[in-house]
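Peer 1: sequence-free structure coming up:
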């Protein structure tokens, strides 16, 4: 069965510090997709990244970077030089498109506080 | 491009009533998914509609239903409301499929059941 675990419920860091949000997933499929979404206080989830299971290259987008490691079933997200605007709840998600029951499963989320 | 819109944004209902929530996806998106978000259970998948057909369904009772119209707009209905149905209901649209494509979320409808 699909499962996404975000063990960190809440994290607080001081502005300009780097912070890593952990995501561990479980799946039996060889083809799957991983996602990260951001939910700011306004409530609207914002798509950040999608990664398929065959692409293990790390990705960097500005201050954001993602580390995908199939060996440890992890898809961690790092924010470098954090800013107050990064304060939000971050969700990791998994989908198995070839699964007859294809749907996306979200982790419980990590609430990130960036302190000024 | 206009984003996903949801109406109403806030609702207060009493137990036993029913409610209908509406979602208009991004133009050109054919897939609409609904989620329930609560502090305790997090984000839970309700169902997905694609080209007016329900393609996937989460583990929710039959009181939760939905439909999609030919213009891809979707409605979600909850009958015989219970206190536990109080939640933020989020709608998301994507090009063709929940699992394959990124989803774009609306601002949500916050439902309070008293």
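Peer 2: Structure received. Just so it is clear, the structure is predicted and the values come from calculations on it, not from any experiment. Numbers count the residues shown, from 1 in each chain, chains lettered A, B, ... in the order given.
Peer 1: What distance do you get for the residue nearest to the spatial centre of chain B to residue B:96?
Peer 2: For chain B, the residue nearest the mean C-alpha position is residue B:34 (3.1 Å; CA atoms, centre = their mean). Separation of residue B:34 from residue B:96 (CB to CB, to the nearest Å) stands at 17 Å. To be clear about C-beta, it is placed using only N, CA and C from the backbone, and glycine gets the same treatment.
Peer 1: now do residue A:17
Peer 2: 39 Å.
Peer 1: for stretch A:33-43, which positions count as buried?
Peer 2: Neighbour-count burial for stretch A:33-43, counted by 16 or more other CB atoms under 10 Å in any protein chain shown, picks out A:33, A:34, A:35, A:36, A:37, A:38, A:39, A:43.
Peer 1: Okay, and which of those map to strands?
Peer 2: Among the buried residues of stretch A:33-43, the subset assigned to strands under DSSP state E consists of A:33, A:34, A:35, A:36, A:37, A:38, A:39.
Peer 1: Which of the residues you listed sits closest to residue B:84?
Peer 2: When these are compared for distance to residue B:84 (CB to CB), residue A:39 wins out at 21.5 Å.
Peer 1: sorry, back to before: pull the contacting residues for the nearest residue to the residue nearest to the centre of chain B once chain neighbours are set aside.
Peer 2: Distances taken as CB to CB, 6 or more residues apart in numbering or on different chains place residue B:46 nearest to residue B:34, at 4.1 Å, with adjacent residues excluded. By CB atoms under 8 Å, 6 or more residues apart in numbering or on different chains, the contact set of residue B:46 is B:33, B:34, B:35, B:36, B:57, B:58, B:60, B:64, B:66, B:76, B:89.
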